[in-house]
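>>> here's a sequence, model it:
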Amino acid sequence: MSACGTNINTNITIIDLTNNSNSTVLNINTANTNSNVSNVNFNHGNANLNSNTNSNQVSSTITIIFSGFTPSTLTVKVGSVVTWNNTSGSAVQVASDPHPTHTDLPDLNSGSLANGQTYSYTFNKIGTWGYHNHLDPTEKGTVVVE
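Below you'll find the model as predicted:
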């Protein structure tokens, strides 16, 4: 029997279990050689399943320091995941502009993040998105989505 046309599929699964003082987050990312990506996130018992065939999905990190966000402006491709990492030494709350209503991108809202905690958001809309630390609105940043 001939093996012509045989399709070989390689799957990669990454499981990340993070247990922070306020939440337990389980992230499962599965990718195969056909550039299909599936993400399953369990956060506080709520399951979210996202399927994405965009092989250009990229992860970027913004570090929160005692004086604000670094970098303060980040440019990413649509579908990219941005993670805010709180190293400020105190609680912060990443939220969409404008303060205090957060109406530009309402689902961009981390809730309170203790020092050492992270928050991730997938940018699925092209545009320029301002955000701030709701607990100190003078700390601002921008994500430009192309």
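>>> now do the same contact list for the closest residue to Phe69 other than its chain neighbours.
Nearest in space to Phe69, with sequence neighbours left out and distances taken as Cβ to Cβ, 6 or more residues apart in numbering, is Gly141 at 3.9 Å. Just so you know, the C-beta spots here come from the backbone N, C-alpha and C atoms, and that holds for glycine as well. Neighbour list for Gly141: Ile62, Gly68, Phe69, Pro71, Ser72, Thr73, Leu74, Gly130, Tyr131, His132 [criterion: Cβ atoms under 8 Å, 6 or more residues apart in numbering].
>>> mind doing that once more with 10 Å?
Contact analysis of Gly141 by Cβ atoms under 10 Å, 6 or more residues apart in numbering lists 62, 64, 68-74, 82, 84, 94, 97, 129-133.
>>> and for Tyr131?
Tyr131 sits next to 62, 69, 82, 84, 94-97, 99, 102, 104-105, 108-110, 121, 139-143 when contact means Cβ under 10 Å, 6+ apart.
>>> restricted to buried residues, select these in PyMOL.
PyMOL command restricting the contacts of Tyr131 to the buried ones, with burial defined by 16 or more other Cβ atoms under 10 Å:
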select buried, resi 62+69+82+84+94+95+96+97+99+102+105+108+110+121+139+140+141+143
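>>> out of the contacts of Tyr131, which sit inside strands?
Of the positions in the contacts of Tyr131, 62, 69, 82, 84, 94-96, 121, 139-143 sit in strands, assigned by DSSP state E.
>>> pLDDT and distance to Asn115 for those - can I get that in JSON lines?
Output for the ones in strands among the contacts of Tyr131, formatted as JSON lines (pLDDT from 0 to 100; distance: Cβ to Cβ, whole Å):
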{"residue": "Ile62", "pLDDT": "98", "distance to Asn115": "15"}
{"residue": "Phe69", "pLDDT": "98", "distance to Asn115": "15"}
{"residue": "Val82", "pLDDT": "98", "distance to Asn115": "19"}
{"residue": "Trp84", "pLDDT": "98", "distance to Asn115": "12"}
{"residue": "Val94", "pLDDT": "98", "distance to Asn115": "14"}
{"residue": "Ala95", "pLDDT": "98", "distance to Asn115": "18"}
{"residue": "Ser96", "pLDDT": "98", "distance to Asn115": "22"}
{"residue": "Tyr121", "pLDDT": "98", "distance to Asn115": "19"}
{"residue": "Glu139", "pLDDT": "98", "distance to Asn115": "15"}
{"residue": "Lys140", "pLDDT": "98", "distance to Asn115": "20"}
{"residue": "Gly141", "pLDDT": "98", "distance to Asn115": "18"}
{"residue": "Thr142", "pLDDT": "98", "distance to Asn115": "23"}
{"residue": "Val143", "pLDDT": "98", "distance to Asn115": "22"}
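>>> that'll do, ta.
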